[in-house]
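Trainee: sequence unknown, structure follows:
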């Protein structure tokens, strides 16, 4: 009879930290604080995962990324926000980020960094997770991470000169993701990146797909597609979100929800709470009126979503009551979104 394989595993584990036994289960989740989105995500973004938020410009990707970072800080997780497309502290605060919050040892929970070269930023991410107890990384965006070779390459001055080589960024991003995915899963950390859409060169029919190469698409556990319509008068955005990919068993692929982004203020979470509760009858809708009867049989009645949303912002107890009910609601609508093509 052969030897027990468990003995070999124990011997290897004692010799090196390069071999490890994975958890085999989700040990924690980061709720986005948006009930309809959390329902689609099975309660939030799972730890030990790589996630993409992608879509066209002005669809709310950066806003959602800041909301996720804000939730991580709120729950006490050390977070790095990599603002490669710029960073506004004022807008971060509008999205709920407690930019000055400290941990029990006096260290900053919300850390903003940027850099010139993609390689420097990527190495900082990997080192932060491996050795510095960094739990959540939010990058905005991986499309704006420029490889060193592209920056140092001189601009072509005539038709005979060559610019940066094709595929350099995809190779650099692919190498980074391959190096990142093991520390993320082993440390049960989280990497969330915004990504842009690029023309899919080579297809007979023109289309769009997320940039960054195939490795990023393969190693992404969750892919969140956002397509927004902006009101030209107010600047507000109505963004349709579709979960395009979910490797976790309780993340529902192709589930959809619609978020509302108020210009300069971030996601209207109060509106999402109301719409989510109304969808399952917890809030009754008659014409433009919304009626909610709480557990103490007190009736709350408001004309229009805006007035109801304002009431929730002013009444913390009512908001918390409805929020707790909203996060228990099931998965939003599931459908195939044909607005785009991808990998």
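Mentor: Yep, it's here. Remember, it's a predicted structure, so these values are computed and weren't measured experimentally.
Trainee: pLDDT weak spots in the stretch 151-300 of the chain?
Mentor: 154-166, 201-206, 248-250 (pLDDT under 70).
Trainee: recalculate using a threshold of 80.
Mentor: Scanning the stretch 151-300 of the chain with the threshold set as pLDDT under 80 gives 152-167, 199-207, 232-235, 245-253.
Trainee: longest helix of the chain?
Mentor: helix 168-186 (DSSP state H).
Trainee: following that one, which helix or strand comes up?
Mentor: Proceeding N to C from helix 168-186, the next assigned helix or strand is strand 190-199, under DSSP states H and E.
Trainee: mind giving me the packing neighbours of that following strand?
Mentor: On a contact count with 3 or more Cβ pairs under 8 Å, 6 or more residues apart in numbering; DSSP states H and E, strand 190-199 meets strand 45-46, strand 49-55, helix 61-74, strand 136-140, helix 168-186, strand 208-210. From N, CA and C alone the C-beta is placed, and that goes for glycine too.
Trainee: how about the strands of the stretch 1-150 of the chain, start to end?
Mentor: In the stretch 1-150 of the chain, strands defined by DSSP state E, counting those that start in this stretch lie at 29-30, 45-46, 49-55, 79-83, 110-113, 136-140, listed in chain order.
Trainee: generate JSON lines for those strands, with mean pLDDT and mean neighbour count as supplementary columns.
Mentor: Shown next, in JSON lines, are these (pLDDT from 0 to 100; neighbours: other Cβ atoms under 10 Å):
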{"stretch": "strand 29-30", "mean pLDDT": "94", "mean neighbour count": "22"}
{"stretch": "strand 45-46", "mean pLDDT": "93", "mean neighbour count": "25"}
{"stretch": "strand 49-55", "mean pLDDT": "95", "mean neighbour count": "26"}
{"stretch": "strand 79-83", "mean pLDDT": "97", "mean neighbour count": "24"}
{"stretch": "strand 110-113", "mean pLDDT": "96", "mean neighbour count": "18"}
{"stretch": "strand 136-140", "mean pLDDT": "97", "mean neighbour count": "26"}
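Trainee: looking at the ones you listed, spot the one closest to residue 223.
Mentor: strand 49-55 (4.8 Å; Cβ to Cβ).
Trainee: what pairs with that closest one, and is each one parallel or antiparallel?
Mentor: Strand 49-55 pairs in its sheet with strand 190-199 (parallel), strand 222-230 (parallel), by DSSP bridges.
Trainee: pick the most deeply packed of those strands.
Mentor: Highest mean neighbour count of the strands paired with strand 49-55: strand 190-199, a mean of 22 (counted as mean count of other Cβ atoms under 10 Å).
Trainee: what is the burial count for residue 289?
Mentor: Using other Cβ atoms under 10 Å, the number of residues around residue 289 comes to 13.
Trainee: now do the contacts for it.
Mentor: 301-303 (Cβ atoms under 8 Å, 6 or more residues apart in numbering).
Trainee: please repeat the previous calculation with a cut-off of 10 Å.
Mentor: Residues in contact with residue 289, defined by Cβ atoms under 10 Å, 6 or more residues apart in numbering, are 301-304, 307-308.
Trainee: next: residue 224.
Mentor: 32, 37, 40-41, 45, 51-55, 61, 64, 192, 194-195, 241-246.
Trainee: next one: residue 191
Mentor: Per Cβ under 10 Å, 6+ apart, neighbours of residue 191: 48-52, 80, 125-126, 129, 134, 136-139, 142, 177, 180-181, 183-184, 219-221.
Trainee: what's the answer for residue 194, then?
Mentor: By Cβ under 10 Å, 6+ apart, the neighbours of residue 194 are 52-55, 61-66, 82, 84-85, 138-144, 224, 226.
Trainee: mind listing what the closest residue in space to it that isn't next to it in sequence touches?
Mentor: Closest residue to residue 194 apart from its sequence neighbours, by Cβ to Cβ, 6 or more residues apart in numbering: residue 141 at 3.8 Å. The contact partners of residue 141, taken as Cβ under 10 Å, 6+ apart, are 52-54, 61-62, 65, 82-85, 193-196, 211-212.
Trainee: from residue 61, how far off is residue 141?
Mentor: Separation of residue 141 from residue 61 (Cβ to Cβ, to the nearest Å) stands at 7 Å.
Trainee: identify the contacts common to those two.
Mentor: 52-54, 85, 193-196.
Trainee: which of these sit farthest apart?
Mentor: Between any two of these, the greatest separation by Cβ to Cβ is 15.3 Å, found for 52 and 85.
Trainee: count of neighbours near residue 70?
Mentor: Number of residues near residue 70 (other Cβ under 10 Å) recorded here: 26.
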